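[1] Okay, sequence plus prediction incoming.
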Amino acid sequence: MELTGEYVPGTWDMSVKQVETYEASGGTKGTTIMGKPVVVVTMRGAKSGKIRKTPLMRVEHGGSYAIVASVGGRPSNPDWYHNIVADPEVMLQDGPDRRAYTARLATGDERRVWWDRAVEAFPMYADYQRKVTREIPVFVLDPA
Ligand SMILES: C[C@H](OP(=O)(O)OC[C@@H](O)[C@@H](O)[C@@H](O)Cn1c2nc(=O)[nH]c(=O)c-2cc2ccc(O)cc21)C(=O)N[C@@H](CCC(=O)N[C@@H](CCC(=O)O)C(=O)O)C(=O)O
């Protein structure tokens, strides 16, 4: 189910520009960072109700994805974390493919499995986790 409403870009220029390039090229440009694949997740703002779009590392397995609220190892969760908690119905664009997913916070064994997949896809996640005391949240996105 498509998310409708006014898109309001975030405040990190790098992320905003990556979304613009990704979408303007139909998912053929701006699809990597540091040589690793990136997806774009569209969500609803928890406070504003506006449409928000966030580029995140691509972690995929069996048609489901994980998105990792690492924010480069900052001490607090990113704003987008609160959006997903408030409304788990998102769109995820992986290259040219854009589909609806339902997100859930991974815990216990499931988080361990997906965390390992995430670190395999983007090893810096392990460095980020070592830097912070918070347990970096991992959401699993299943096809809606
Ligand atoms: C800077 C802030 O963005 P943020 O949601 O905290 O997200 C910070 C970063 O995680 C975000 O920029 C990511 O795209 C960075 N990032 C990754 N960030 C990650 O956390 N994990 C990744 O795997 C990741 C990969 C990645 C790849 C490429 C790239 O270009 C960036 C990448 C922001 O733009 N805030 C807005 C508000 C955003 C928002 O969603 N507000 C909500 C309210 C949220 C709340 O309730 O607190 C609303 O509209 O209602 C603002 O201050 O105006």
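    Yep, it's here. Predicted model only: the values in this text are computed from it and were never measured. Numbering: from 1, shown residues only.
[2] which other helices and strands contact the lengthiest helix in the chain?
    Assignment by DSSP state H gives helix 108-121 as the longest helix of the chain. Judged by 3 or more Cβ pairs under 8 Å, 6 or more residues apart in numbering; DSSP states H and E, helix 108-121 is in contact with strand 59-61, strand 64-68, helix 124-131, strand 138-143. Where you see a C-beta, it was placed from the backbone N, CA and C, and this is true even at glycine.
[3] In CSV, list the ones you listed along with mean neighbour count.
    Listed next are those as CSV, based on neighbours: other Cβ atoms under 10 Å:
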stretch, mean neighbour count
strand 59-61, 17
strand 64-68, 23
helix 124-131, 15
strand 138-143, 20
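[4] quick one: which of the ones you listed is nearest the ligand?
    strand 64-68 (4.9 Å; Cβ to the nearest ligand atom).
[5] packing partners for the closest one?
    strand 36-44, strand 51-57, strand 59-61, strand 97-105, helix 108-121, strand 138-143.
[6] hmm, back to that, turn the helices and strands packed on helix 108-121 into a markdown table, including distance to the ligand and mean pLDDT.
    As requested, these are exported to a markdown table (distance: least, Cβ to the nearest ligand atom, whole Å; pLDDT from 0 to 100):
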| stretch | distance to the ligand | mean pLDDT |
| --- | --- | --- |
| strand 59-61 | 8 | 98 |
| strand 64-68 | 5 | 98 |
| helix 124-131 | 7 | 98 |
| strand 138-143 | 10 | 98 |
